[in-house]
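> What follows is a predicted protein model with its sequence.
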Amino acid sequence: MSLAASFRIAMRALAANPLRSLLTMLGVIIGVGAVVAMVAIGQGARQNVTERVQALGSNLLTVFAGVAQFGGVARGDAVQTLTLEDADAIRREVPRVIGVSAEFSRGNQQVQFRGENYNTTVSGVTPEFQEVRNFKVERGQFFTEEDMRTRAKVALIGRTVQNRLFGEGDPIGQRIKIRGVTFTVIGVMEEKGATGFQDRDDVVYVPLTTAQRRLFGVTHVRAINVQVASAEEMTEAQAALTELVRGRHRLGPNQDNDFTVRSQADILQAFTGVSQTMTTLLGGIAAVSLIVGGIGIMNIMLVSVTERTREIGIRKAVGARRRDIMLQFLVESVSLSVTGGVIGIGVGILGSRLINQLAGWATLLSVQAVLMAFSFAVAVGVFFGLYPARRAALMDPIVALRHE
Amino acid sequence: MSLIRMTGVEKVYRMDGVEVQALQGISLSIAPGEFVAIMGPSGSGKSTCMNIMGCLDRPTAGTYLLDGTDVSTLDDVALARLRNRRLGFVFQSFNLLPRTSAVENVELPMIYAGTPDRRAKALAALEAVGLRARAGHLPTQLSGGEQQRVAIARALVVSPSIILADEPTGNLDSTTAGEIMTLLDRLCSQGITIVLITHEAEIAAHARRLIQFRDGRVVRDMATRTRTVSPGAPLR
């Protein structure tokens, strides 16, 4: 019997029970869809961070308060030794440093404008922030050294905050309240979009000194961004900087650093590692659901073989060989998994688009992942179809014909 | 030269550990073109014997030569080929594929034979049994007699040398049964060997030879009165 004939028989059998076929395919659809969407999210996040880091340039060092743990950075208020004075000292004393910006941020702060309420990140930064982090003002102007000294109650807002609080209105010159303190909006930052799971436009910038004293009542900073003249001088600058800060923090030769110096390359590497692990993990979970889908196919194929025992007997009586019967049921199970795979790819693509639009996460479809998920689905169809097909093929024709 | 030659054929079934001797040394031979009726009480082994003739089952002991070939030496592929090309089956319960039109049911053996022009040949076979007009009907839309005619068309479409019919009229009323027997008479007159199992003497009377089974043995094998059969003639 030809493959085309087997295919027609299989299609007819599947069409005879459309709902059952669809439900059987659902496992594979969900499995393939999940693999495609999960990998797209992982890849998207990775590409986004890579782009962001590259845009910042390879000559940026970041000093974090606290000690690195497991490739990440321990943050929080536990370590309060890093200060604005450290930043000034770095600016003055470390050679080849062309820009320094200290910052202190806190998430989930209430910002009010008239009746509107919005929770966002409030970030205290220094005037050099714009150049050092390559994050420009779109309208209005950034705050100055004078604002720093006077702890001026001025703020610049990200695009997301602007949309939430002001809608279509002009925010410049308006008064907003942050933690109950009134600030004047003096500018709007350019749009940066999302990085991974974080919206970089969802932030309010205020002078660092204002944030420290008027808002949070602290004297330390969370991080200091240091711009080095060129990428080649990074190592030297990092060593000099570490030496300086250790001296200023009075750390003895046997004491560990109470801060962490990271280059963008380090951060990129750490993030890439994390996202790789995440992608593998999510992909793995999705693959498990594919196997569950395969078991569903096997289950239904076994039911189908039993139901069609008499049909198998008839086919054998009129001259079907074992391999014809085997092929017929195998084609049927593979058709289920392939159709499920194709629909699953569609669902995965649609799903990652939806996630991109609704949650704002960057997604990047990977042809590799699509092909892998699809071939896995085909393999599942063959593997889980083999046993039922074999059972059908080995059936005794007399017993099969007598089956009620 | 006999078409079917069985020598000392035995068949032992094992059911729940108990051995059942279904056939206890059957020896018979059937020549090409014969019309043979097999009768006997239930459990006498006639169906088992027909299953062996039809290459659906293998004897436990003894030899079965089909057209000179010892069937016990053949593998699954060769047996399937024999069933496909040389044998046609007609069952009491028709055994048509459900949800499959009459013409597609008739095409079935040709799919496994890889025959070209299947549709035209299937329609011709349906024409031969007088069901050309109902080719597109599903089994559920056909009467019992019509279903059995479709089954006969399926059996003869590959031009087999033997048609094995296991109580083909068992589920039919006597008028329809008569039509089916007329059809088989005609096929026999065209040179096809027909082996028929039946309980009814009236049906067996169509055959020219009667073999009686009892307890897994042939107890009587005799020629019946010779009938002249004109194709398509009414039975009564």
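Looks like it arrived, so ask away. No experiment lies behind these values; they were computed from the predicted model shown.
> Nearest to chain B: which residue in the stretch 151-300 of chain A?
Closest residue of the stretch 151-300 of chain A to chain B, Cβ to the nearest Cβ: A:Ile300 (17.6 Å). Just so you know, the C-beta spots here come from the backbone N, C-alpha and C atoms, and that holds for glycine as well.
> Assumed that residue was part of a helix.
Yes - according to DSSP: H, G, I helix; E, B strand; the rest coil, A:Ile300 belongs to a helix.
> and chain B, which residues reach chain A?
For chain B, the contact set with chain A under Cβ under 8 Å from any Cβ of the partner chain comprises B:51, B:54, B:56-57, B:76-77, B:80-81, B:83-85, B:89, B:91, B:95-100, B:108-109, B:111-114, B:154, B:158.
> ok, the residue of the stretch 151-300 of chain A closest to chain B - how many residues close by?
A count of neighbours around A:Ile300, defined by other Cβ atoms under 10 Å in any protein chain shown, yields 21.
> From the contact counts, what lies against whatever helix or strand A:Glu236 lives in?
Assigned by DSSP states H and E, A:Glu236 belongs to helix A:234-248. Here helix A:234-248 touches strand A:60-65, helix A:84-93, strand A:223-228, strand A:259-263, going by 3 or more Cβ pairs under 8 Å, 6 or more residues apart in numbering or on different chains; DSSP states H and E.
> Now distance to chain B and mean pLDDT too, for these, in CSV please.
Below are the helices and strands packed on helix A:234-248 laid out as CSV (distance: least, Cβ to the nearest Cβ, whole Å; pLDDT from 0 to 100):
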stretch, distance to chain B, mean pLDDT
strand A:60-65, 70, 87
helix A:84-93, 80, 89
strand A:223-228, 71, 90
strand A:259-263, 68, 86
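> Would you map the strands across chain B?
Ranges of strands in chain B, per DSSP state E, are B:4-15, B:18-30, B:35-39, B:61-66, B:69-70, B:87-90, B:162-166, B:193-197, B:209-214, B:217-223.
> winner for burial among those?
strand B:87-90 (a mean of 26; mean count of other Cβ atoms under 10 Å in any protein chain shown).
> got the buried residues for stretch B:42-57?
Under the neighbour-count criterion of 16 or more other Cβ atoms under 10 Å in any protein chain shown, stretch B:42-57 has B:44-57 buried.
> how far out from the middle of the chain is the helix holding A:Glu236?
33 Å (Cα atoms, centre = their mean, to the nearest Å).
> ok so, going back, would you format the buried residues of stretch B:42-57 as a markdown table with pLDDT and distance to A:Val100 included?
Formatted as a markdown table, those follow (pLDDT from 0 to 100; distance: Cβ to Cβ, whole Å):
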| residue | pLDDT | distance to A:Val100 |
| --- | --- | --- |
| B:Ser44 | 92 | 106 |
| B:Gly45 | 92 | 103 |
| B:Lys46 | 93 | 104 |
| B:Ser47 | 92 | 98 |
| B:Thr48 | 93 | 98 |
| B:Cys49 | 94 | 102 |
| B:Met50 | 94 | 99 |
| B:Asn51 | 93 | 95 |
| B:Ile52 | 93 | 98 |
| B:Met53 | 94 | 99 |
| B:Gly54 | 93 | 95 |
| B:Cys55 | 92 | 93 |
| B:Leu56 | 91 | 91 |
| B:Asp57 | 90 | 93 |
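> And the strands of chain B: which comes nearest A:Asn48?
Nearest to A:Asn48, of all the strands of chain B, is strand B:87-90, at 67.9 Å by Cβ to Cβ.
> ok, now how distant is the residue of chain B found nearest chain A from A:Asp324?
At 2.4 Å from chain A, B:Asn84 is the closest residue in chain B, using Cβ to the nearest Cβ. Per Cβ to Cβ, to the nearest Å, B:Asn84 is found 10 Å from A:Asp324.
> swap in A:Arg214?
A:Arg214 is 84 Å from A:Asp324, by Cβ to Cβ.
> Excluding residues flanking it in the chain, which one is nearest the residue of the stretch 151-300 of chain A closest to chain B?
A:Thr24 (4.5 Å; Cβ to Cβ, 6 or more residues apart in numbering or on different chains).
> Helix, strand or coil: sort out the one you found for me.
Relying on three-state DSSP, one would call A:Thr24 helix.
> Now residue 135: phi and psi?
You didn't pick a chain, so chain A it is. The phi/psi pair for A:Phe135 (degrees, to the nearest 10) reads phi -130, psi 110.
> You answered for a different chain; I wanted chain B.
Torsion angles, degrees, to the nearest 10, at B:Ala135: phi -60, psi -40.
> Tell me, please, where in chain B the pLDDT is lower than the cut-off.
Residue ranges of chain B with pLDDT under 70: B:225-236.
> go on, chain A?
Scanning chain A for pLDDT under 70 picks out A:1, A:57, A:68-78, A:194-197.
> what does it have sitting close to chain B?
A:1-2, A:5, A:12, A:16, A:310-311, A:313-324, A:397-398, A:401.
> same thing but 7 Å
A:1, A:5, A:16, A:311, A:314, A:317-322, A:324, A:397-398, A:401 (Cβ under 7 Å from any Cβ of the partner chain).
> shouldn't B:Ser72 be in contact with B:Asp57?
No - taking contacts as Cβ atoms under 7 Å, B:Ser72 lies outside contact range of B:Asp57: 11.1 Å.
> Now do the closest residue to A:Pro95 other than its chain neighbours: how many residues are near it, please.
In this structure, A:Pro95 finds its nearest non-sequential neighbour in A:Ala240, 6.6 Å apart by Cβ to Cβ, 6+ apart. Counted with other Cβ under 10 Å, the neighbours of A:Ala240 add up to 17.
> Just give me how far the host helix or strand of A:Met372 sits from the chain centre.
If you go by DSSP H and E, A:Met372 is part of helix A:367-393. In this view, helix A:367-393 has its centroid 30 Å away from the chain centroid, taken as Cα atoms, centre = their mean.
> check contacts around whatever residue of chain A ends up closest to chain B.
Distances between chain A and chain B by Cβ to the nearest Cβ are smallest at A:Gly319, namely 2.4 Å. Each residue near A:Gly319 by Cβ atoms under 7 Å, 6 or more residues apart in numbering or on different chains is listed here: B:Ala80, B:Arg81, B:Arg83, B:Asn84, B:Pro109, B:Tyr112, B:Ala113.
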